[in-house]
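Asker: Let me see the structure of the following:
(chains A and B)
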Amino acid sequence: MSVAIPEGARVVFGRPELLVDRTSSYCPGCGHGVVHRLIAEVLGDLGLGPRTIAVAPVGCAVFAYDYLGLDFVEAPHGRAPAVATGIRRVRPDAFVLTYQGDGDLAAIGTGEIVHAAGRGEHLTAVFVNNGIYGMTGGQMAPTTLLGQRTTSSPHGRDAAFHGYPIPITEMLAVLPGVAYAARGSVADSASIGRTKQYLRRACEVQLEGRGFAIVEVISNCPVGWGMTPQESIERLKEVVAQVYRPGVIVDRTREPAAAGGPGGAASTDAAGRAPAGR
Amino acid sequence: MTTRQAPAPSDAGRTARPGPRHHGRRVLMKGNEAMAEAAIRAGCDAYFGYPITPQAELLEWMARRMPEEGRPFVQAESELGAINMALGAAATGARVLVSSSSPGISLMAEAMSYMAASEVPVVLINVMRGGPGLGSIGPSQSDYFQATKGHGHGDYRVPVLAPASISEAMALTADAFELAERYRTPVMIITDGILGQAMEPVELTFREPPRVDAPWATTGAAGRPPRVVRSLHLEPEDLEKHNLHLQAKFAAIADREVRYAGEHLDDADLVIVAYGTAARVARTAVARARSSGLRAGLFRPITLWPFPSDALRQLAAFVRGILVVELSAGQMVEDVRLAVEGRVPVVFTGRTGGMVPTPGEVVAGLRRPWTTTPELPREAAR
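Answerer: Okay, here's the model as predicted:
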């Protein structure tokens, strides 16, 4: 919807060009919409929309391609980092972004994310962690907190029975191929502002050819958590953020740049050349 | 690509791939290496793989040669990783090869379904080993069901090409890329440990199929609306429409792309049906049978899907019996029975687990009272 701007007025808030104007399938209060908007803003600011090939996950955010005006490939469950690797290797001129939830990235797709990060693929991974399987009805995820009740941990997550939550971003951060890892939050406007900075930096890291970049965003799932949107935001701040602490986890871009790695755009070795003939 | 379309059986289709023959250098090559080089010369833009025997030489050849050509090679963390890298690369319009062996193909089955659904063209080579489970690394054809009826979930088909020599494997590698891109589909080539690892003289003849436009490929939405390569269609009406579109494509492939070869069929009254390595054994068996007075012939499917059912049905009108020979407990024999619809006895001879039947065993399979009720394949396999 476009509105005529009166003479002398200026737009201080609007819909980012890359955010499609349509009703979303996300539940009221869900954090995915905020993260989508941040991605649209950052890619728009950096002028990356026309270069971007994004990879959608399986889960609630499979519909990301309906809301972001980008070329998208839909990956099988958990395989987004492998799909993105394939894109990266044949399209060194593209900007490649993955979007995954916690079941997708930290459970079924653990192998793919670890090895994409280990190879130092020049990818920007957005990882939305709401600690639950939203789309399938609120089951326990690898990131579900101890004590948290879900439809598959009805008496609460018990370490002795279900095992411990997996802090996957901290695990990835120890890999030398990971140039940048940060954790943001959608809990309040200050957190959202910082999350946008992390996302922007994670995109720049790819453009600079520094290696793998990941931004985890802790988010809420009001329906899956059995809460109102406001209650879920309170829990995100008071409980979740105490376990998954926001902030920059590793930033190797402040170290001297290594020679162009095998994984991407800045690579000058044979592995990154564009396919001929198209 | 020249295709054969279920004409009356004759010897004419022996190679089933006529065309300009370039007489290049003849060299000794392993099948795995020859297929890898054929893929490179066919313009393969990227290769993704994972080590598994008996296809490892293919991966190793690509590890050396692709960087020489300035093209991507990635040894993935698993077959899941390899096939999904292929999905991503091919979704941008690149010409992509993946290879593996039986257990690895099982892992790739998930993405095969996604690629068939989202119409992503990838060529996949299965150098089959003995199964089930980890099985053995010996030559086997125990993945016929998987290749032609299954791999992943859902209602789809994938063209399956089965070479019987290394030279044919090279030619079919180029053809597979062309089929994949023409129909926007994964294409599978199945060989086995003998075709993969044995050396034979091959003529270095290569072909690079012409590129086709890919107005669906994800390349970045610059100056055009965004494109999405997807398989999710949550509305039943939408999914049925998409599935009918896929089925129409499969019907077109079945109509146009059937290939087979025949040997000594003109006067044959007993016919062996076999593909790949089993067809090599069968060829020797046919020669021995003929020298002892049996009028035997060989019918060799080259496309396992689409299966040359019409040609076999016509053949059944002229013969006394059909012997199916496979390196399995009997899989393709089911399709042969479906094709001939009881017109003629169909019996089976096979070995499993990496064992290969001798020509003598095959000839013994031909020497039977063909007038009796055909045996069930499991009885024949005992």
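Asker: Just give the nearest non-adjacent residue to the residue in the stretch 201-350 of chain B positioned nearest to chain A, would you?
Answerer: Closest contact between the stretch 201-350 of chain B and chain A, by CB to the nearest CB, is at B:Ala222 (3.5 Å). For every residue, glycine as well, the C-beta is placed using N, CA and C. Sequence neighbours aside, A:Pro50 is the residue nearest to B:Ala222 in space, at 3.5 Å (criterion: CB to CB, 6 or more residues apart in numbering or on different chains).
Asker: Can you pull out the low-pLDDT segments for chain A?
Answerer: A:1-2, A:256-278 (pLDDT under 70).
Asker: Could you pull out the helices in it for me?
Answerer: Using DSSP state H, the helices found in chain A span residues A:32-45, A:64-67, A:80-90, A:102-103, A:110-118, A:159-162, A:168-173, A:189-207, A:222-225, A:229-235, A:241-243.
Asker: Shouldn't B:Val98 be within a strand?
Answerer: Yes - counting by DSSP: H, G, I helix; E, B strand; the rest coil, B:Val98 falls inside a strand.
Asker: would JSON lines of the helices of chain A with distance to chain B be doable?
Answerer: Below are these laid out as JSON lines (distance: least, CB to the nearest CB, whole Å):
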{"stretch": "helix A:32-45", "distance to chain B": "11"}
{"stretch": "helix A:64-67", "distance to chain B": "5"}
{"stretch": "helix A:80-90", "distance to chain B": "3"}
{"stretch": "helix A:102-103", "distance to chain B": "16"}
{"stretch": "helix A:110-118", "distance to chain B": "4"}
{"stretch": "helix A:159-162", "distance to chain B": "25"}
{"stretch": "helix A:168-173", "distance to chain B": "14"}
{"stretch": "helix A:189-207", "distance to chain B": "14"}
{"stretch": "helix A:222-225", "distance to chain B": "18"}
{"stretch": "helix A:229-235", "distance to chain B": "24"}
{"stretch": "helix A:241-243", "distance to chain B": "28"}
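Asker: Of the ones you listed, flag the one that's most buried.
Answerer: A comparison of the helices of chain A by mean neighbour count, using mean count of other CB atoms under 10 Å in any protein chain shown, puts helix A:80-90 on top with a mean of 32.
Asker: Keeping just the C-alphas, turn stretch B:293-309 into CSV.
Answerer: The C-alpha trace of stretch B:293-309 is given here as CSV (Å, rounded to 0.1, in the frame of the first residue of the first chain):
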residue,chain,number,x,y,z
GLY,B,293,22.4,-75.5,-31.3
LEU,B,294,20.1,-73.3,-29.1
ARG,B,295,18.7,-70.3,-30.9
ALA,B,296,19.3,-67.8,-28.1
GLY,B,297,19.3,-64.0,-28.2
LEU,B,298,19.9,-61.2,-25.8
PHE,B,299,17.6,-58.3,-25.0
ARG,B,300,19.4,-55.6,-23.1
PRO,B,301,17.4,-52.7,-21.5
ILE,B,302,19.5,-49.6,-21.5
THR,B,303,16.9,-47.5,-19.8
LEU,B,304,15.6,-49.4,-16.7
TRP,B,305,13.0,-46.6,-16.3
PRO,B,306,11.4,-46.1,-18.7
PHE,B,307,11.4,-49.9,-19.1
PRO,B,308,11.3,-51.2,-22.7
SER,B,309,8.0,-53.0,-22.0
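Asker: And it, what's buried?
Answerer: Buried residues in stretch B:293-309, defined by neighbour count with 16 or more other CB atoms under 10 Å in any protein chain shown: B:294-309.
Asker: returning to what we had before: so the residue of the stretch 201-350 of chain B closest to chain A: helix, strand or coil?
Answerer: Once three-state DSSP is applied, B:Ala222 turns out coil.
Asker: Tell me how many other residues surround it.
Answerer: Around B:Ala222 there are 10 other residues, counting by other CB atoms under 10 Å in any protein chain shown.
Asker: and what of B:Ser106?
Answerer: 18.
Asker: Single out the residue in the stretch 1-150 of chain B that lies closest to chain A.
Answerer: Nearest residue of the stretch 1-150 of chain B to chain A (CB to the nearest CB) works out as B:Gly88 at 3.0 Å.
Asker: That residue and A:Val83 touch, don't they?
Answerer: Yes - between B:Gly88 and A:Val83 a contact is recorded at 3.6 Å, counting by CB atoms under 8 Å.
Asker: what do these two both touch?
Answerer: The contact sets of B:Gly88 and A:Val83 overlap at A:55, A:73, A:75 (CB atoms under 8 Å, 6 or more residues apart in numbering or on different chains).
Asker: can you tell me how far the first one sits from A:Val96?
Answerer: Read it as A:Val55. Distance, A:Val55 to A:Val96, by CB to CB, to the nearest Å: 7 Å.
Asker: Find residues that contact each of these two.
Answerer: Common contacts of A:Val55 and A:Val96, defined by CB under 8 Å, 6+ apart, comprise A:84, A:87.
Asker: Counting only helices, which of the buried residues of stretch B:293-309 make the cut?
Answerer: Among the buried residues of stretch B:293-309, the residues falling in helices (DSSP H) are B:Ser309.
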